[in-house]
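>>> Below: sequence and its predicted model.
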Amino acid sequence: MDYDEIEVRRSRRKTLSVEIRPDGGVLVRAPVYVPQYEIRKFVQQHESWIEKHREKVLRRQQEEAPEEILTLEEIRELADKALQEIPDRVAYWAPKVGVRYGRITIRNQKTKWGSCSVKGNLNFNCLLMLTPPEVIDSVVVHELCHRKYMNHSAAFYEEVRRVYPEYDRWNRWLKKNGNAIMRRMTG
């Protein structure tokens with residue numbers, strides 16, 4: 001594996017992680033203080049995992065028929081629809097999670113379905129409007145639970161499943177179908 005082809009993104013995180021992008025690219029997330037040689041060593045230790053999953057992603061890309069790309073007008077319509085529906089879903093689920101939240105923003109993102117800032121602002125992808133309502137609820141609950149846990153720990157997922165017992169089912173649906181939906185944005 002050519003180390004120069006790997007994107008390294010540093011942040012205030014505490015651990016190293018590796019991610020295979022939908023296009024087959026490799027992203028390593030690293031704490032700011034970790035030296036380059038440790039990142040290289042981490043990649044070498046996980047090289048077989050990286051190659052296995054890259055091949056799987058690239059194979060899936062070839063097998064899946066290309067989706068029809070959304071026009072700017074269609075994206076605007078999805079964003080408008082999301083602005084009408086998602087805030088209501090957030091308002092419905094927030095008391096069940098037992099949290100407050102800040103601003104809700106709808107975006108046309110190419111890699112994320114949702115996010116939650118430290119200040120409690122929530123972002124959601126307008127492409128959620130192309131998924132079943134249960135998927136929208138699973139993403140909303142996921143992001144609201146980040147108001148209690150700003151991580152993906154066992155306690156976080158326990159809270160998500162407490163609030164939305166069907167989470168695993170709809171998260172699997174999103175993992176299976178989400179890349180095809182995202183490609184409609186990216187081409």
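Sure, I can see it.

>>> where do the strands sit along the chain?
7-11, 17-20, 26-31, 104-107, 114-116, 122-125 (DSSP state E).

>>> can you map out the helices along the protein?
Residue ranges of the helices in the chain, as given by DSSP state H, are 36-45, 47-63, 72-97, 133-145, 154-163, 167-186.

>>> Please report the distance of residue 169 from residue 137.
Using Cβ to Cβ, to the nearest Å, one obtains 11 Å as the distance from residue 169 to residue 137. Where C-beta positions appear, they are placed from N, C-alpha and C, glycine not excepted.

>>> what about the two, which has more around it?
The neighbour comparison of residue 169 against residue 137 (other Cβ atoms under 10 Å) goes to residue 137, with 19 against 12.

>>> residues touching the more buried one, list them.
89, 93, 164, 170 (Cβ atoms under 8 Å, 6 or more residues apart in numbering).

>>> Out of the strands of the chain, which one sits most buried?
Mean neighbour count (mean count of other Cβ atoms under 10 Å) peaks for strand 122-125 among the strands of the chain, with a mean of 24.

>>> Which elements pack onto that strand?
In terms of contacts (3 or more Cβ pairs under 8 Å, 6 or more residues apart in numbering; DSSP states H and E), strand 122-125 is packed against helix 72-97, strand 104-107, strand 114-116, helix 133-145.

>>> Reformat the strands of the chain into a markdown table and put mean pLDDT and distance to residue 150 next to each item.
Formatted as a markdown table, these follow (pLDDT from 0 to 100; distance: least, Cβ to Cβ, whole Å):
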| stretch | mean pLDDT | distance to residue 150 |
| --- | --- | --- |
| strand 7-11 | 91 | 13 |
| strand 17-20 | 92 | 15 |
| strand 26-31 | 93 | 15 |
| strand 104-107 | 95 | 18 |
| strand 114-116 | 94 | 8 |
| strand 122-125 | 96 | 13 |
